[in-house]
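A.B. asks: One predicted model, sequence on top.
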Amino acid sequence: MLPEKAESMLEELLRYVKLLIHHHIILGYGGNISFRVLPKGDLILITRHGTLLELLEPKDFIPVRLSEKQCKEASIEYPTHRLIYLKTNMNVIFHVHSTAAIVLSLRHKEGDVIKPLDEEGKILINEIPIVEAPAGTIELAEKIVQWVIKGRNVVLARGHGIFVAEEDIKGAYIKTCAVERSLRVLVLTKILDALEGVTS
Ligand SMILES: [Zn+2]
């Protein structure tokens, strides 16, 4: 039995996940999602390992105490989710394998920072650091949380996807959309630049 607050957060979260699917930010398995059950404690709800985000339902979330270092039932990215909740005040984490993020990250190396060209991206995100480490590892978790602690709550894992940590569900949704849009703008700009180079 989940606390009442967790039930209402789940409902809100599922509404936003549907929008991310609509915008082709989530495809297939698509990543993983978690949130801290408020008022702040050590309980989170996180998607189960192997969850198809495109068909996300309340039953796909499992409760986990942050005191648990490992949880085989949870998403393989539990170490990253856990470390962010332990080290910051963030309450919601969206991790998505969106296309523009993966494409653009492959043209950069770890340590690079991508700067959005569009106004909304400049205001909401400012810059997107890139990290590289195998999926599901403590190494990835530590690299990501280092940025989140510094206030960079949108981090791009090279060849993999975006991690967005926010204080609330709506904020996480807006930032996930903003980062993917900024990266789509960058990809399209690069394509147009290349085409103009060919035709000029
Ligand atoms: Zn992933």
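C.D. replies: Alright, I've got the coordinates.
A.B. asks: centre of the chain versus the lengthiest helix in the chain, how much separation?
C.D. replies: Longest helix in the chain by number of residues (criterion: DSSP state H): helix 169-199. In terms of Cα atoms, centre = their mean, to the nearest Å, the centre of helix 169-199 is set 16 Å apart from its chain centre.
A.B. asks: ok, now stretch 38-51?
C.D. replies: Centroid displacement of stretch 38-51 relative to its chain, using Cα atoms, centre = their mean, is 15 Å.
A.B. asks: Give me the buried positions along it.
C.D. replies: Across stretch 38-51, burial judged by 16 or more other Cβ atoms under 10 Å covers 43, 44, 45, 46, 47, 49, 51. For every residue, glycine as well, the C-beta is placed using N, CA and C.
A.B. asks: Pull out the buried residues from the longest helix of the chain.
C.D. replies: 169, 171-187.
A.B. asks: what packs against it?
C.D. replies: helix 4-22, strand 92-96, helix 99-105, helix 119-124, strand 128-131, strand 154-157, strand 161-166 (3 or more Cβ pairs under 8 Å, 6 or more residues apart in numbering; DSSP states H and E).
A.B. asks: buried stuff in the fourth one?
C.D. replies: In terms of neighbour count (16+ other Cβ under 10 Å), helix 119-124 has its buried residues at 121, 124.
A.B. asks: Identify the residues contacting that helix?
C.D. replies: By Cβ atoms under 8 Å, 6 or more residues apart in numbering, the surrounding residues in contact with helix 119-124 are 115, 116, 174, 175, 178, 179, 181, 182, 185.
A.B. asks: For these, work out which two are farthest apart.
C.D. replies: The distance between the two most remote of the contacts of helix 119-124 (Cβ to Cβ) is 18.9 Å, for 115 and 174.
A.B. asks: For the residue nearest to residue 165 when sequence neighbours are not counted, give me the pLDDT.
C.D. replies: What sits nearest to residue 165 in space, not counting adjacent residues and going by Cβ to Cβ, 6 or more residues apart in numbering, is residue 90, at 4.0 Å. Residue-level confidence at residue 90 comes out at 96, pLDDT.
A.B. asks: now do residue 196
C.D. replies: If you check residue 196, the pLDDT there is 89.
A.B. asks: Return the distance of it relative to residue 74.
C.D. replies: Distance, residue 196 to residue 74, by Cβ to Cβ, to the nearest Å: 47 Å.
A.B. asks: so where's this structure shaky on pLDDT?
C.D. replies: Counting by pLDDT under 70, the ranges of the chain that qualify are 1-3, 200.
A.B. asks: how about 80 then?
C.D. replies: Along the chain, segments meeting pLDDT under 80 span 1-5, 39-41, 198-200.
A.B. asks: Can you classify residue 32 as helix, strand or coil?
C.D. replies: Assigned with DSSP: H, G, I helix; E, B strand; the rest coil, residue 32 falls in the strand class.
A.B. asks: got a list of what the residue nearest to it when sequence neighbours are not counted touches?
C.D. replies: Closest residue to residue 32 in three dimensions, ignoring its sequence neighbours and counting by Cβ to Cβ, 6+ apart: residue 75, at 3.7 Å. For residue 75, the contact set (Cβ under 8 Å, 6+ apart) comprises 32, 34, 46, 47, 48, 49, 51, 81.
A.B. asks: Cool, thanks, signing off.
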